[in-house]
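Enquirer: One predicted model, sequence on top.
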Amino acid sequence: MEFTLWYDGPLPARGKAAIKGQIRQALDVQLRELWTHLPLSDHSHLLARSTEGGLSSLVGRHGHTFAAVVSRSLGLRAELDILMLRPSSPGDLVNKGDIDNQLKTLLDGLSAPAQPTQVPDGMRATTDEDPMHVLLEDDSLITRLNVETERLLGAPGPDEVRLTIRVTTRVVKPMYGNMGLA
């Protein structure tokens, strides 16, 4: 399965829970819509808590429920191709740099929170019936990451970025319930 996500907003090198929450919130809308299109629309049963041994995209973390497109239980992994437009020159990693920490902030925002400190204060309540949609159960499910940087013209601030995130999912554990998600 291939699809594209986008994010416009701050991406500081030392992203706090609020920024990671902002990224999740921006992507939640896109991922909710993704579930209304094929092939995910044929697998809407994955948005319910599974019985023992069944498949589900729901992940419980720190009192919240997240619906992960890519999860261990679904036997999926993700490959990401990211175009990062930012206010500095392409490849300018020294002067405006710290791209590795910016990417860590992004990857945390693409995932269900691993630590309670990654849940922002005031995050809306989520349940099995109304989860927050995220791309990844956790970032260890990324098997390939490609990042290209370019200059973002007219950026409103030094930490502002425009991201285009091309996602390719791969089935690594073929099962009856995940074959249509390749």
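Expert: Nice, thanks for sending it over.

Enquirer: neighbouring contacts of stretch 106-126?
Expert: With contact meaning C-beta atoms under 8 Å, 6 or more residues apart in numbering, stretch 106-126 is reached by 7, 11, 15, 17-24, 27, 59, 61-66, 68, 82, 132, 134-139, 142, 163, 165. The way it works is simple: take the backbone N, C-alpha and C, and place the C-beta from them, glycine included.

Enquirer: all helices for the protein, in order.
Expert: For the chain, the helices defined by DSSP state H cover 17-34, 99-110.

Enquirer: do you know how far the closest residue to residue 127 other than its chain neighbours is from residue 100?
Expert: Distances taken as C-beta to C-beta, 6 or more residues apart in numbering place residue 65 nearest to residue 127, at 5.6 Å, with adjacent residues excluded. Counting by C-beta to C-beta, to the nearest Å, the separation of residue 65 from residue 100 is 30 Å.

Enquirer: Of the two, which one has the most company?
Expert: Comparing residue 65 with residue 100 by other C-beta atoms under 10 Å, the one with more neighbours is residue 65, at 18 against 10.

Enquirer: Counting neighbours, what do you get for residue 141?
Expert: 21.

Enquirer: Residue 48 is in contact with residue 55, isn't it?
Expert: No: using C-beta atoms under 8 Å as the test, residue 48 is too far from residue 55 to be in contact (10.0 Å).

Enquirer: got the contact list for residue 36?
Expert: By C-beta under 8 Å, 6+ apart, the contact set of residue 36 is empty.

Enquirer: and the gap between it and residue 68?
Expert: Separation of residue 36 from residue 68 (C-beta to C-beta): 17 Å.

Enquirer: Likewise for residue 49?
Expert: For residue 49, the distance to residue 68 (C-beta to C-beta) stands at 13 Å.

Enquirer: Low-confidence bits of the chain, can you list those?
Expert: Applying pLDDT under 70 to the chain picks out residues 51-53, 89-97.

Enquirer: Now do the strands in it.
Expert: Using DSSP state E, the strands of the chain run over 2-10, 58-61, 64-70, 76-86, 132-136, 142-151, 160-171.

Enquirer: how about the longest one: buried residues?
Expert: Judged by neighbour count (16 or more other C-beta atoms under 10 Å), strand 160-171 contains these buried residues: 160, 161, 162, 163, 165, 167, 169, 170, 171.
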